[in-house]
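> Fold the following and give me the result.
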Amino acid sequence: MVYLDSLDQITEDQLDSGFFDGWPNPPSVRNFYKILENSSYIQLALDVESNKVIGFINALSDQVLAAYIPLLEVIPAYKNQGIGTILVERMLEKLQDYYMIDLLCDEELQAYYTKRGLIKASGMMKRNYQNQSGIQV
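Model prediction:
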């Protein structure tokens with residue numbers, strides 16, 4: 001496994017199709033690549049044998065005070081091997097100088113993120129599930 005912090009040398013063909021497991025309307029591979037490309041920061045896990053990205057985390061930031069982590073995904077076949085934990089740790093290290101690092105997650109994931117130094121908070125959100133696959137690019 002190799003961990004990368006950019007899309008340099010990564011193509012759409014290297015994005016495994018197993019991401020967004022359980023999503024009824026996941027982003028296309030093209031939109032997935034655009035998500036990574038438009039993020040302020042990314043961390044990728046690349047399986048060197050298959051030459052496929054099998055895990056990622058991204059962050060959006062104002063580059064001054066705040067960063068938001070919207071997605072952490074690991075291909076189901078690679079889960080429970082510590083890959084997600086390494087991705088989170090690498091991202092938090094990258095974001096350590098920001099005043100606020102926010103992340104919104106389901107209640108069953110709060111213990112996972114608490115173990116990684118985040119604290120539980122309340123927040124508000126809106127989801128337009130009909131747009132879950134993203135704006136078509």
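> Next, the nearest residue to Tyr78 once chain neighbours are set aside: phi, psi?
The spatially closest residue to Tyr78, leaving aside those adjacent along the chain, is Ile54, at 4.8 Å (CB to CB, 6 or more residues apart in numbering). All C-beta atoms are positioned from the backbone trio N, CA, C, and that covers glycine. Ile54 adopts backbone torsions of phi -120, psi 0, taken as degrees, to the nearest 10.
> go on, Leu118?
Dihedral angles (degrees, to the nearest 10) for Leu118: phi -90, psi 150.
> The closest residue in space to it that isn't next to it in sequence and Tyr68: what is the separation?
Nearest residue to Leu118, sequence neighbours excluded (CB to CB, 6+ apart): Leu103, at 6.3 Å. Noted for Leu103: a distance of 7 Å to Tyr68, by CB to CB, to the nearest Å.
> What of Glu107?
As judged by CB to CB, Glu107 and Tyr68 stand 19 Å apart.
> Next: Gly117.
Separation of Gly117 from Tyr68 (CB to CB): 16 Å.
> Have a look at the two and say which one is more surrounded.
Taking other CB atoms under 10 Å, Gly117 and Tyr68 do not tie; Tyr68 has more neighbours (16 against 10).
> ok so the more buried one is a strand residue?
Yes - with DSSP: H, G, I helix; E, B strand; the rest coil as the criterion, Tyr68 is part of a strand.
> Bridged to it, which residues?
Assessed by DSSP bridges, Tyr68 has beta-bridge partners Leu60, Asp102.
> so what's it up against?
Applying CB atoms under 8 Å, 6 or more residues apart in numbering to Tyr68 gives the contacts Ala59, Leu60, Ser61, Ile101, Asp102, Leu103.
> Which entries within those residues meet the buried criterion?
Ala59, Ser61, Ile101, Leu103 (16 or more other CB atoms under 10 Å).
> How about the first one, nearest residue that isn't a chain neighbour?
Distance criterion CB to CB, 6+ apart; nearest residue to Ala59, sequence neighbours excluded, is Tyr41 at 4.3 Å.
> Got the phi and psi for that neighbour?
phi -140, psi 150.
> swap in Asn80?
According to degrees, to the nearest 10, Asn80 has phi 60, psi 30.
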